[in-house]
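Participant: using only what follows, build the 3D model:
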Amino acid sequence: MNDQHGASPFGYGVHHVQLAIRPAGEDAARTFYVGVLGMTEVEKPPELAKRGGLWLRTDALELHLGVDAGHVPSVKAHPGILVADLDALAARLEAAGHQVAWDSDFIGYRRFYSRDPFGNRLEFLAPLAA
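Facilitator: All right, here's what the predicted structure looks like:
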């Protein structure tokens with residue numbers, strides 16, 4: 001019998017999540033992801049740096065922001081990002097002018113949604129205390 005978080009024979013894990021940004025959006029991305037969310041920009045390999053975009057890391061999270069000339073925001077698809085201090089992050093986003101929409105429909109978690117400067121949906125969540 002498999003448990004709820006069943007193990008596969010392949011040993012899956014997530015290395016990064018990629019989101020699309022519009023061309024020439026790197027400065028807006030830095031302002032939001034580094035300035036507001038507190039992530040660190042990391043250097044892309046030279047061959048990939050030619051494509052634009054940026055890579056970001058913090059704690060156990062890595063995001064890649066790739067330039068897409070036909071960028072359309074992800075309005076439904078989104079990364080679910082675990083956060084240790086959900087209220088502090090919500091306050092920081094709101095103070096920076098980003099809307100926070102709380103949602104209580106995920107049993108066992110507190111969560112809210114926000115959007116990056118490109119309209120991409122982001123979910124931030126924390127497990128409820130046991």
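Participant: where does the protein have low pLDDT?
Facilitator: 1-3, 130 (pLDDT under 70).
Participant: all helices for it, in order.
Facilitator: Using DSSP state H, the helices found in the chain span residues 26-29, 46-49, 86-95.
Participant: reformat those as a markdown table; add distance to G35 and mean neighbour count.
Facilitator: (Glycine included, C-beta is placed from N, CA and C.) Formatted as a markdown table, the helices of the chain follow (distance: least, CB to CB, whole Å; neighbours: other CB atoms under 10 Å):
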| stretch | distance to G35 | mean neighbour count |
| --- | --- | --- |
| helix 26-29 | 10 | 16 |
| helix 46-49 | 21 | 10 |
| helix 86-95 | 10 | 15 |
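Participant: any idea which of the ones you listed gets closest to R57?
Facilitator: helix 26-29 (13.8 Å; CB to CB).
Participant: how far does the closest one sit from the chain's center?
Facilitator: Mean-position distance between helix 26-29 and its chain equals 14 Å (CA atoms, centre = their mean, to the nearest Å).
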